[in-house]
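A.B. asks: below is the structure, and that's it, no one-letter string:
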């Protein structure tokens, strides 16, 4: 049933495909489902290394039960521009959220970033985020504070003097620069430790190795990010 929920047998096929090292697209072809369905199923149930068909099936049943109980509070489907399929957009936002979580973002921070990223404007107010995500204002505020610290969002005032939270087109460049600054602080602190613990001691050598590694990687990533930004943001000249 391509349009319905995954069956337990299909989940077992997914688990076998992961065990064989197959790509999501190949597993999707074998199961007869969209690749996005397989990606979402795996990422929301432990990722490719921890996926278990039986646990995933039970977790899905629990989520379905909670959704049925919460049905009266479910928000109405948001109207979509450009002729988009509202359900496809909702599913994609969920997939994007799970992938962001797998990259290390906490769940609420991933939900807020995904929600902002799939809007054409790239910006929403706190009240709009609360309404779209059906969470508390405190949850949104905490998520925004974290994302701002990572350089993933910024805030600006609109004409009504409301704070709007914005995802720029160069969001990942800004995030990498914030990460580079944090890594530079680790490098500096590690080298302070070398002086305190002694450069010839095991602990001192360990801290020096940390500093050298992060220094090299951070410099390389910063240079690559600057080059990518220059290339990708430079409009092609006339032929």
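C.D. replies: It's in. These numbers come from a predicted model, not from an experiment.
A.B. asks: residues of the lengthiest helix in the chain that come out buried?
C.D. replies: Criterion DSSP state H: the longest helix present in the chain is helix 202-232. Residues 204, 207, 208, 210, 211, 214, 215, 218, 222, 225, 229 are the ones in helix 202-232 that count as buried (16 or more other C-beta atoms under 10 Å). Quick note: C-beta positions are derived from backbone N, CA and C, even for glycine.
A.B. asks: quick one: the fifth one and residue 185 touch, right?
C.D. replies: Just to be clear, that refers to residue 211. No - judged on C-beta atoms under 8 Å, residue 211 makes no contact with residue 185 at a distance of 11.2 Å.
A.B. asks: what kind of secondary structure is residue 80 in?
C.D. replies: coil (DSSP: H, G, I helix; E, B strand; the rest coil).
A.B. asks: so how far is the longest helix of the chain off the chain centroid?
C.D. replies: Distance of helix 202-232 from its chain centroid, counting by C-alpha atoms, centre = their mean, to the nearest Å, is 23 Å.
A.B. asks: helices or strands up against it?
C.D. replies: Where contact means 3 or more C-beta pairs under 8 Å, 6 or more residues apart in numbering; DSSP states H and E, helix 202-232 is packed against helix 171-197.
A.B. asks: average pLDDT for the helix it packs on?
C.D. replies: Taken as a whole, helix 171-197 carries a mean pLDDT of 91.
A.B. asks: what's the angle between that helix and helix 202-232?
C.D. replies: 160 degrees (axes from the mean of the first three to the mean of the last three C-alpha atoms, to 10 degrees).
A.B. asks: can you give me the buried ones in helix 171-197?
C.D. replies: 171, 173-177, 179-180, 183, 187, 190-191, 193-194, 197.
A.B. asks: for this structure, what spans make up the strands?
C.D. replies: Shown for the chain, the strands assigned by DSSP state E span residues 123-125, 154-157, 163-166.
A.B. asks: domain map for the protein?
C.D. replies: Split into domains by automatic domain parsing, the chain comes to 8-63, 86-166, 171-232.
A.B. asks: now tabulate those in CSV and tack on distance to residue 80.
C.D. replies: Formatted as CSV, these follow (distance: least, C-beta to C-beta, whole Å):
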stretch, distance to residue 80
domain 8-63, 17
domain 86-166, 5
domain 171-232, 22
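A.B. asks: report the central residue of this structure.
C.D. replies: Centroid check for the chain by C-alpha atoms, centre = their mean gives residue 100 as the closest residue, at 1.7 Å.
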